[in-house]
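Novice: Sequence and computational prediction follow.
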Amino acid sequence: MGRDKISKEKRSHIMSCIRSKNTKVELLLRKALWKKMIRYRLHGKLPGKPDLVFKSRKLVVFIDGDFWHGYDFKNLKNKLKNDFWINKIVRNINRDKEVNSKLQEKGWKVIRIWEHKIREDLNKVANKIVGELNNV
C-alpha cells in the first residue's frame, strides 16, 4: 500500500486528539434529547460502554464515528493507505457485532447511530430515540 504523506509522529498526534467520549456529535444529540425532556445515563457499565443508557427501558444508544466503525467500508477500504487502518476498522466492526449480541442476550435493545446521520438531521435522530423509548 501507499505511504502516508504525514510523518508518523504527526499522524500519531492527530489520531491521539480524537475523542472517544463527549464528541461534538454526541454532545449535540444529548442536548437535543435534554430539550425534549429525555433523561439518560452516560457510558454505562455495560458491554461496549454505550454512549447513552436508558436503564429503566433497557435501551442503549451507540454513536458510531463513520471512519472508526466502518461506514461504507467497501469504498473506504479502497481509499486507506495501509493495512493497519483496515485491520483496525474490521476489528471495530466485529467488536460492535459482539457487543450488540451480548447486550441483546441480556435483554437490552441496541440502537446504533452513524455520526453523519446526527450531522444531517439531528431532530430526526432524536425523534427516533424518543420513538424507540415509547415502544419499549
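Specialist: Perfect, I can see it now. Numbering: from 1, shown residues only.
Novice: Show me where the protein dips below the pLDDT cut-off.
Specialist: Along the chain, segments meeting pLDDT under 70 span 1-6, 8-21, 136.
Novice: which parts of the longest helix belonging to it are buried?
Specialist: What stands out as the longest helix in the chain, according to DSSP state H, is helix 83-105. Counting neighbours by 16 or more other CB atoms under 10 Å, one finds that the buried residues in helix 83-105 are W85, I86, I89, N92, D96, V99, N100, L103. Just so you know, the C-beta spots here come from the backbone N, C-alpha and C atoms, and that holds for glycine as well.
Novice: how about Y71, what does it touch?
Specialist: Neighbouring residues of Y71 by CB atoms under 8 Å, 6 or more residues apart in numbering: D64, W114, E115, H116.
Novice: ugh, typo on my part, it should be L33
Specialist: Y40, L52, A126, I129, V130.
Novice: if we go to 6 Å?
Specialist: By CB atoms under 6 Å, 6 or more residues apart in numbering, the contact list for L33 reads A126.
Novice: On the three-state scheme, it is what?
Specialist: What DSSP: H, G, I helix; E, B strand; the rest coil gives for L33 is helix.
Novice: going forward can the numbers begin at 704, since that is how I track them
Specialist: Yep, numbering from 704; the last one is L736 now.
Novice: Next one: it relative to A829, how far apart?
Specialist: 6 Å (CB to CB, to the nearest Å).
Novice: coming back round to it: looking at the buried residues of helix 786-808, which is nearest F776?
Specialist: Nearest to F776, judged by CB to CB, of the buried residues of helix 786-808 is I792 at 6.5 Å.
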